[in-house]
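Asks: When you get a sec, could you give me coordinates for this:
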Amino acid sequence: MAVQLTTNAAQSKLVRDKLTKWETTTSISEQQKDCVVDLATWSSIDEAIDLPSSDLISTNEDKDKSAVINNAQQFYEWFHSVERGMESDQESEYRDYINSLKDHHGRCNSVLNGISKALDHLRLLGNQYRTVSHTTEALHDSCELLMQDQQDLEQLGTSISQQLVYFTEHDRIGTKLNSSAISVMGEAFVPMLIKIDECVEFMKDHPEYKESAIYLAKYQQCLVRALTLLRSYIVNAIRSTSAAALSSISGSEVVVLSDPSFAQLYSKFQSQGPRIKALMEQIEDRSEKNPEYLQVMQDCYTCYCYQRQSLILPIINLELERLYKLHDKDYCTFIRTSCMALIRICEDEHSLYHTFFSRSDLILQGLLESLSSQLYDYFRPMIIQQVQRFDLLADICSVLKNDIFDDHVNTKGECLEAFGHLALQMLEDAQERLSYRTQAYIQSDITNFLPSSGDLAYPSKLSEDLSNQYAMWYPTVRRSLICLSKLYRCTNRSVFESLAQECLAACIDSLKTATLSIVEKSSLIDSQLFLIKHLLIIREQIAPFDVNFSVNEVSLDFTNLKIAASSLMTNKNRILSLSSNNALLEFLFQGAPQLTKKVLDSKKDVDINLKEACTDFITTAATMLSSPIHAFLATIETSATPPTMEQCRNVVSETTQRISSKLPGIKKTMNLYLANPDTEAILFRPIRGQILNQFCNLRKVIDKMEEEDKFIINCPSPEQLTMTLAYN
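Replies: Below is the predicted model:
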């Protein structure tokens, strides 16, 4: 039994080794391997066993119903047949599908063959189409080229026809210009003029054309002929209109601006203006490009202005003569009314001119200037010979500057430009004359002013009940301020500053002169307050003037000339010296006068003089109230012995009595002159300070004495003095 098992084991091993070799060529599962091993074990039985067909593994009952397996080879063959049967049963469905695919593949190949044949036919058709298309495009390009050639020929023919018109138009234009029936106001004249200009421009732009120079000369002759007709018509129309206007006023003895007949001088022209303006616009538009048009335009302007001047100028002269007689000696009214009349005429003439013409010209300005200049013939002799007072000249300047320039000339622009030149000349002449007369006025009425006794009656003059406060002012102050107020309104800044400097300097000098007289008639206090009062008035009155009140004064300093001349006379022996020490050369180089510049500020001069006057008054008032202390302290400084109690008591007593007696009078005088509590308090404050300072110095001396002596002296304390010197 053991041997049999060993044999079975050996056979099983042998079977497995063969299976292993078989696995290298055949793929079987593990279960199949186990079956093979079991079958090998069973085949090792001593007697062969016939297996029934039902025990055989079969997949097809129709084949090998019974099989005898005696060895492994038979088993393998049997197993292989069984396996093929199984595979055949499993793959039958796929085989059928493969066969179906093969049928479809065959049909597809048939379709592809048909498509290939169709593509071959399409390629043939495409090649034929491209051949036809290329032929058609070539034919189309040839047609387009022929059409373009046709268009070019047509354009060339049209261009030749258009340019040929400029040559053929000459005969038609010449026939019209030579016709006796031609009319400047006809509808065909302006288009004909435009056509002539176009032809002239064409010939100038194309000098290379045959006979262009000949036709240019012909067209220029036509243009001269047309412009001659146009100029003759316009000039004759202006002259006839002027004659009609002149005849309308010929029945009037004297024509003035307010007469209805004067309006005829404008209505006659206004009726002709639009008709002539339509023609002048054609001339004015071409005047910048063509000198012939420019000459015709200038001729028309000149004719118009000459006719207007011949009509208006005599009337202006009569009107000015009438106004001059009407406003005799009333120079401001005459100038104002005359200027307004000329302004009205200038505006009317400017408006009437633009009824005829579209463009302004210097000839128009010349017309307006000639009309306006008639007033200057009256104005110039009047301000030089008749108007001598500076205030009248100032009023005339004010009328010209404010009423004429500011209200009319500067606001109405071009129409009064020519009149503005005349008005400016009149204003400058009046200002020049005003400057001269003002200097004469300052010299005669301020610098050389001789005051009367009433002018110097201070302070009694201030006690009078006068309703006019200006009457209490010193005459030179009143005149100076009136002069400055008039000058400020009618002169320019530089002229005003120069005259203001001269006027204020003369006014201050006159005040200083007056103080000397007031000292003799009244007192030093009155003279000083008189000066302070009027300097404050001047400073207050000139404050609103928006000027610097300063001028640069240029002068020549001949000091070096004097020194050089003295040196020359001293060194006469070196005049002809040939060395560098020649006295004559030294005189020439060193004796030249020096140019010096000095700034004169009248406003600052007022402040300086006011400060000096206030300082003098403060010193005078303080000395008047505290002179005993001042003299006592000066004596102590020069004396070797100390002061006695009695001396100090007398000084204190005398000073307090002086303050009590004189202080009310000083306050009253200050109030009388200044009449301003704030100003009075400011001016009195340093007076009180000086008095307190004097008492303070005296107290230092008294403090060295015995208490009993201090009590007897009874020097007031600073608090008591402050209350006593309070300005209520």
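Asks: So which other helices or strands are in contact with the longest helix seen in the chain?
Replies: Counting residues, the longest helix in the chain under DSSP state H turns out to be helix 72-177. Counting contacts by 3 or more C-beta pairs under 8 Å, 6 or more residues apart in numbering; DSSP states H and E, helix 72-177 is packed against helix 30-42, helix 189-205, helix 212-248. (C-beta placed from N, C-alpha, C; glycine too.)
Asks: Distance to residue 489 and mean pLDDT added to those helices, as TSV?
Replies: Shown next, in TSV, are the helices and strands packed on helix 72-177 (distance: least, C-beta to C-beta, whole Å; pLDDT from 0 to 100):
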stretch	distance to residue 489	mean pLDDT
helix 30-42	138	62
helix 189-205	56	85
helix 212-248	43	88
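Asks: Same list (those) but as JSON lines, adding mean neighbour count and distance to residue 719.
Replies: Formatted as JSON lines, the helices and strands packed on helix 72-177 follow (neighbours: other C-beta atoms under 10 Å; distance: least, C-beta to C-beta, whole Å):
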{"stretch": "helix 30-42", "mean neighbour count": "14", "distance to residue 719": "141"}
{"stretch": "helix 189-205", "mean neighbour count": "17", "distance to residue 719": "107"}
{"stretch": "helix 212-248", "mean neighbour count": "17", "distance to residue 719": "97"}
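Asks: Among those helices, which comes closest to residue 637?
Replies: helix 212-248 (101.7 Å; C-beta to C-beta).
Asks: can you pull the buried residues of the helix or strand following that closest one?
Replies: Under the assignment DSSP states H and E, the closest C-terminal helix or strand after helix 212-248 is helix 260-286. By 16 or more other C-beta atoms under 10 Å, the buried positions in helix 260-286 come out as 262, 264-266, 268-269, 272-273, 276, 279-280, 282-284, 286.
Asks: orientation of helix 260-286 relative to helix 189-205 in degrees?
Replies: 30 degrees (axes from the mean of the first three to the mean of the last three C-alpha atoms, to 10 degrees).
Asks: Centre of the chain to helix 260-286, how far?
Replies: Here the centre of helix 260-286 is set off from its chain's centre by 40 Å, with C-alpha atoms, centre = their mean, to the nearest Å.
Asks: now do stretch 94-107
Replies: Distance, stretch centre to chain centre, for stretch 94-107: 100 Å (C-alpha atoms, centre = their mean).
Asks: In the protein, where is pLDDT below threshold?
Replies: Along the chain, the model assigns pLDDT under 70 to residues 1-68, 250-260, 465-468, 549-600, 728.
Asks: Neighbours of residue 418, how many?
Replies: Other residues within reach of residue 418, judged by other C-beta atoms under 10 Å, total 24.
Asks: Setting the sequence-adjacent residues aside, check what's closest to it.
Replies: Of all residues not flanking residue 418 in the chain, residue 368 sits nearest, at 3.5 Å (C-beta to C-beta, 6 or more residues apart in numbering).
Asks: pretty sure that neighbour contacts residue 349?
Replies: Yes: look at residue 368 against residue 349 with C-beta atoms under 8 Å: they come within range, at 6.3 Å.
Asks: what about these two, which has more around it?
Replies: residue 368 (28 against 21).
Asks: Name the helix or strand for that one, please.
Replies: Judged by DSSP H and E, residue 368 forms part of helix 362-381.
Asks: name the helices or strands packed onto that helix?
Replies: Packed against helix 362-381 by the contact rule (3+ C-beta pairs under 8 Å, 6+ apart) you find helix 291-326, helix 331-356, helix 417-441.
Asks: can you pull the contacts of residue 480?
Replies: When contacts are counted by C-beta atoms under 8 Å, 6 or more residues apart in numbering, residue 480 touches 446, 503-504, 506-507, 538.
Asks: go again using 6 Å as the cut-off
Replies: Contact analysis of residue 480 by C-beta atoms under 6 Å, 6 or more residues apart in numbering lists 503, 507.
Asks: Which helix or which strand is home to it?
Replies: Counting by DSSP H and E, residue 480 is found in helix 475-490.
Asks: I'd like the next helix or strand past that helix.
Replies: Next helix or strand after helix 475-490 toward the C-terminus (DSSP H and E): helix 493-521.
Asks: Can you spell out which helices and strands pack onto that next one?
Replies: Counting contacts by 3 or more C-beta pairs under 6 Å, 6 or more residues apart in numbering; DSSP states H and E, helix 493-521 is packed against helix 475-490, helix 524-542, strand 550-557, helix 602-638.
Asks: go with 7 Å
Replies: Applying 3 or more C-beta pairs under 7 Å, 6 or more residues apart in numbering; DSSP states H and E, one finds that helix 493-521 contacts helix 417-441, helix 475-490, helix 524-542, strand 550-557, helix 602-638.
Asks: Could you check the angle the helix holding residue 480 makes with helix 524-542?
Replies: Using the same axes, to 10 degrees: helix 475-490 against helix 524-542 is 10 degrees.
Asks: List the buried residues of helix 475-490.
Replies: Buried residues in helix 475-490 (16+ other C-beta under 10 Å): 475-481, 483-484, 486-488, 490.
Asks: cool, stretch 419-427 as well?
Replies: For stretch 419-427, a neighbour-count test (16+ other C-beta under 10 Å) marks 419-423, 426-427 as buried.
Asks: so which of those residues comes closest to residue 115?
Replies: Relative to residue 115, the closest of the buried residues of stretch 419-427 is residue 420; by C-beta to C-beta it sits at 103.7 Å.
Asks: quick one, what contacts the closest one?
Replies: Shown in contact with residue 420 (C-beta atoms under 7 Å, 6 or more residues apart in numbering): residue 409.
Asks: Residue 365 too?
Replies: 417-418.
Asks: can you do 10 Å?
Replies: 305, 350, 414, 417-419, 421 (C-beta atoms under 10 Å, 6 or more residues apart in numbering).
Asks: Could you dump those into CSV with distance to residue 716 added?
Replies: Below are the contacts of residue 365 laid out as CSV (distance: C-beta to C-beta, whole Å):
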residue, distance to residue 716
305, 94
350, 86
414, 82
417, 80
418, 82
419, 79
421, 78
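Asks: For residue 85, state which of these is nearest.
Replies: For the contacts of residue 365, the nearest to residue 85 is residue 414 (130.7 Å; C-beta to C-beta).
Asks: Next one: the closest one from residue 368, what distance?
Replies: When distance is defined by C-beta to C-beta, to the nearest Å, residue 414 is 10 Å away from residue 368.
Asks: try residue 138
Replies: Residue 138 sits 80 Å away from residue 368, going by C-beta to C-beta.
Asks: Could you do residue 432 as well?
Replies: Taking C-beta to C-beta, one finds residue 432 at 24 Å from residue 368.
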